[in-house]
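Engineer: generate a structure from the sequence data that follows.
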Amino acid sequence: MTPGADAQPPPLRIGNASGFYGDRFDAVGEMLTGGPLDVLTGDYLAELTMLILGRGRLKDPGRGYATTFLRQLEEGLGLARERGVRIVTNAGGLNPAGLADAVRELADKVGVPVCVAHVEGDSLPVPEGYLTANAYLGGAGIAACLRAGADVVVTGRVTDAALVTGPAAARFGWGPDDHDALAGAVAAGHVLECGTQATGGNYSFFRGHDIRRPGFPVAEIHADGTSVITKHDGTGGVVDLGTVTAQLLYETGGARYAGPDVTARLDTARLSPDGPDRVRISGVKGEAPPPTLKAGLTRLGGWRNEVVFVLTGLDTEAKAQLVQDQFADAFARAGRQPDEVRWELARTDRADAGTEETASALLRLVVRDREPDAVGRALSGAAIELALGSYPGFHVTAPPGKGAPYGVFEARYVPAQDVTHVAVLPDGRREAQEPPARTQALEEVEPPPLPEPLPAGPTRPAPLGLVAGARSGDKGGDANVGVWVRSEEAWRWLAHELTVERFRELLPETAPLTVVRHVLPNLRALNFTVHGLLGEGVAAQHRFDPQAKAVGEWLRSRRLEIPVALLDSSPEVHA
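Structural biologist: Numbering: from 1, shown residues only. Below you'll find the model as predicted:
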């Protein structure tokens, strides 16, 4: 027997250098020089980004991709070539072929010979009245490009996790039926996709760590799909069970996390420490993907405008009512009210305040309409005319403008076999990628048994965040709120205490909406989906926090009866 024949191949080290279009510009260079890597990924696309790129493409049909990526490559291309690091990114947006050509031009300009490939086929026929329509592709096309020798692979709309499943499948030879391995890579890819959110950014328990400049994450993917999440030595932030749990819960729903490559069972994922700033993800089971692909469509929804009035000192409620009455009169005299008029009073004021700012509340008016004039001059004129004839101390945070268009994101599902997924290899050959032969319709899992409740004991009112972390985000018009705890005792309490009913009580904005709770015992976590909280999605700016980024922190700030034993053992109480 040949010595070492049973040895496992070394892990594939995949780093991330971008979690969104506009992320830290220097991250590409930092990741390439900060430690060993095999692949560097960059995620530039989001629901809002596709709308932005779609509007940009109207002005210049040759664009439609993330131009920041090209500027990052001016130095990064040479560094990647020197270090043997391959680059995989979805920065191609609506025009991956155009970006691939631009990368080749850049390579010639800077004198760095690289093989460039791209993945296309996500672009769907755009219905009348829409700007963009794109299916979410998996990692098969990326894998084909890498197997053909590409140094840089540019894609359009693929799933965020595909930036990891593609390179891993290419390295380890996984096929479409290697569901467990693919599911493990999906879990790792989901942790990486938002960059520094995996290394202490946007983290509930941030006070225990130095996160002034967190490093970007790295995943060491093994041949069986297990992984270790880490970061380059000497970089800021932290990787621990909490940061990885938070990111696994981010913008997910139930136990089944479906994608075009595989449906990953998040309820089977197990996390364990693997050394300083190292967390192992193991045990993730995979199932055949659903027969459909998610598709994202964007369109212009209309026009919006807003004015924020500052109400200082006494009689805040009466001042707010006066402004609303005056606007109602102005709209009536104009003969038309905008389709949507929303008022919100934020009581940021304090009694007997020591500064004018802290003595002031904010009254926010948001209007929407199909016609620009209804939210433009009609609104700004009414606001300006009140300047000398309204409540005492009248002023606004900024002069009212003429209004701006807003967008809408819609999710639809299309049969996978109706979408052409093509890898355009470095030599120009086009290799079609067949959808997985085995599929499985997506269904909810049976709710798992809950742990034994804690024995009855003394409680006291306290914020939930003293014992629980949370992370929240958006998926179209829905919000997701993941909540987790760090001990078995806390889990025994949380699983029984934070029901859908209690969730609605703590967050009254969700009371009239459909709220679904998912239980993930391995992560000591609950994941709530709040349907419709965000209206027509982030681009429409339906509410104060249009992406639901802080809903989890709002939940953590709410007070409820918590067992004294949990509070006494909580590091947050004694911080």
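Engineer: Ala353 against Leu314, yeah?
Structural biologist: No. Assessed by CB atoms under 8 Å, Ala353 is found out of contact with Leu314, at 11.4 Å. (Glycine included, C-beta is placed from N, CA and C.)
Engineer: CA-only coordinates of the longest helix seen in the chain in PDB, if you can.
Structural biologist: Ranked by residue count and defined by DSSP state H, the top helix of the chain is helix 316-334. Extracted in PDB, the C-alpha atoms of helix 316-334 (Å, rounded to 0.1, in the frame of the first residue of the first chain):
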ATOM      1  CA  THR A 316     -44.800  67.800  21.800                       C
ATOM      2  CA  GLU A 317     -48.000  65.900  21.100                       C
ATOM      3  CA  ALA A 318     -49.900  69.100  20.400                       C
ATOM      4  CA  LYS A 319     -47.200  70.400  18.100                       C
ATOM      5  CA  ALA A 320     -47.200  67.100  16.200                       C
ATOM      6  CA  GLN A 321     -51.000  67.200  15.800                       C
ATOM      7  CA  LEU A 322     -50.800  70.800  14.500                       C
ATOM      8  CA  VAL A 323     -48.400  69.900  11.700                       C
ATOM      9  CA  GLN A 324     -50.500  66.900  10.700                       C
ATOM     10  CA  ASP A 325     -53.700  69.100  10.600                       C
ATOM     11  CA  GLN A 326     -51.900  71.700   8.600                       C
ATOM     12  CA  PHE A 327     -50.700  69.200   6.000                       C
ATOM     13  CA  ALA A 328     -54.200  67.600   5.800                       C
ATOM     14  CA  ASP A 329     -55.500  71.100   5.000                       C
ATOM     15  CA  ALA A 330     -52.800  71.700   2.400                       C
ATOM     16  CA  PHE A 331     -53.500  68.400   0.600                       C
ATOM     17  CA  ALA A 332     -57.200  69.200   0.600                       C
ATOM     18  CA  ARG A 333     -56.700  72.600  -0.900                       C
ATOM     19  CA  ALA A 334     -54.400  71.100  -3.500                       C
END
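Engineer: who touches it?
Structural biologist: Residues outside helix 316-334 that contact it (CB atoms under 8 Å, 6 or more residues apart in numbering) are 309, 311, 337-338, 341, 343, 345, 347, 349, 361, 363, 365, 378, 382, 385-386, 390-392.
Engineer: buried sites along that helix?
Structural biologist: Residues of helix 316-334 classed as buried by neighbour count (16 or more other CB atoms under 10 Å): 316, 319-320, 322-324, 326-327, 330-331.
Engineer: show me the contact partners of the lowest-mean-pLDDT helix or strand in the chain.
Structural biologist: When each helix and strand of the chain is scored by mean pLDDT, DSSP states H and E, helix 377-385 comes last, with a mean of 86. Residues outside helix 377-385 that contact it (CB under 8 Å, 6+ apart) are 305, 307, 326-327, 330-331, 334, 336, 338, 365, 367, 396, 399-403.
Engineer: was I right to think Arg13 contacts Leu37?
Structural biologist: Yes. Here Arg13 reaches Leu37: they are 5.1 Å apart, a contact under CB under 8 Å.
Engineer: if I look at those two, which residues touch both of them?
Structural biologist: Joint contacts of Arg13 and Leu37 (CB under 8 Å, 6+ apart) are Val218.
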